[in-house]
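Enquirer: After the sequence you'll find the predicted model.
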Amino acid sequence: MRIFLFLLTCLLAAPLAQNAEARPLTPAEQRYSPYSGSIPFCDNPHVLGGINGKFARRESEYWFSGLAILGFGEIEEIGFRTNGIDYIPRRYCRARVMMNDNRLREISYSIAEGLGPIGLGFGTEWCIAGLDRNYAFGLDCRSARP
């Protein structure tokens, strides 16, 4: 009998517990300092050019590898605001890059609003599979994707 009462109590209390844990969702566009929600698309030339330039600088100045991106292909969006409407608006993308070592690699990148220089414009985070030498984005760039 005790087990039956315990199970009945758990079944009745479960919906109340779920509502107690829920937090209010305020869309990022309705905050005190709001976001616009307008983020460049994955194939935007400024986005791809920025990634290309930063990659070339990192490889020449830090890793001394001489690697460079020759071109982008098979560009696709894999997520838009997948973290939720109350977080910084972010677009997740994936593409193939041809490198100057004649290898084709996969790049995962995100474009986020308000993460540019001094908080203006958009910012990008990117990871090329096989070239994340210190595993900053985890094995095979997993944390660069949604």
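Expert: Nice, I can see it.

Enquirer: start to end distance for stretch 125-140?
Expert: This stretch, stretch 125-140, spans 15 Å end to end (CA to CA, to the nearest Å).

Enquirer: average pLDDT for that stretch?
Expert: The pLDDT scores in stretch 125-140 average 91.

Enquirer: And for stretch 54-62?
Expert: 93.

Enquirer: helix or strand for the residue nearest to the spatial centre of the chain, which one?
Expert: Nearest to the geometric centre of the chain sits Ser110, at 4.1 Å (CA atoms, centre = their mean). Using DSSP states H and E, Ser110 maps to strand 104-113.

Enquirer: How far does that strand sit from its chain's centre?
Expert: In terms of CA atoms, centre = their mean, to the nearest Å, the centre of strand 104-113 is found 8 Å from the chain centre.

Enquirer: in that strand, what's buried?
Expert: Going by neighbour count (16 or more other CB atoms under 10 Å), the buried part of strand 104-113 is 105, 107-113. In short, each C-beta sits where N, CA and C put it, glycine included.

Enquirer: between the helix or strand just after it and strand 104-113, how many degrees?
Expert: Using DSSP H and E, the next helix or strand after strand 104-113 towards the C-terminus is strand 122-128. Per axes from the mean of the first three to the mean of the last three CA atoms, to 10 degrees, the angle that strand 122-128 makes with strand 104-113 is 160 degrees.

Enquirer: And the contacts of strand 122-128?
Expert: By CB atoms under 8 Å, 6 or more residues apart in numbering, the surrounding residues in contact with strand 122-128 are 39-40, 47, 50-51, 54-55, 97, 105-116, 136-137, 141, 144.

Enquirer: and Ile88, what does it touch?
Expert: Ile88 neighbours (CB under 8 Å, 6+ apart): 28, 35, 112-115.

Enquirer: no, scratch that, I was asking about Ala95
Expert: Residues near Ala95 by CB under 8 Å, 6+ apart: 42, 72-76, 106-107, 109.

Enquirer: Now tabulate the residues you listed in TSV and tack on pLDDT and distance to Ser60.
Expert: Output for the contacts of Ala95, formatted as TSV (pLDDT from 0 to 100; distance: CB to CB, whole Å):
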residue	pLDDT	distance to Ser60
Cys42	96	26
Phe72	96	19
Gly73	95	23
Glu74	96	26
Ile75	97	25
Glu76	97	29
Glu106	96	22
Ile107	96	18
Tyr109	96	20
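
Enquirer: Thank you, goodbye.
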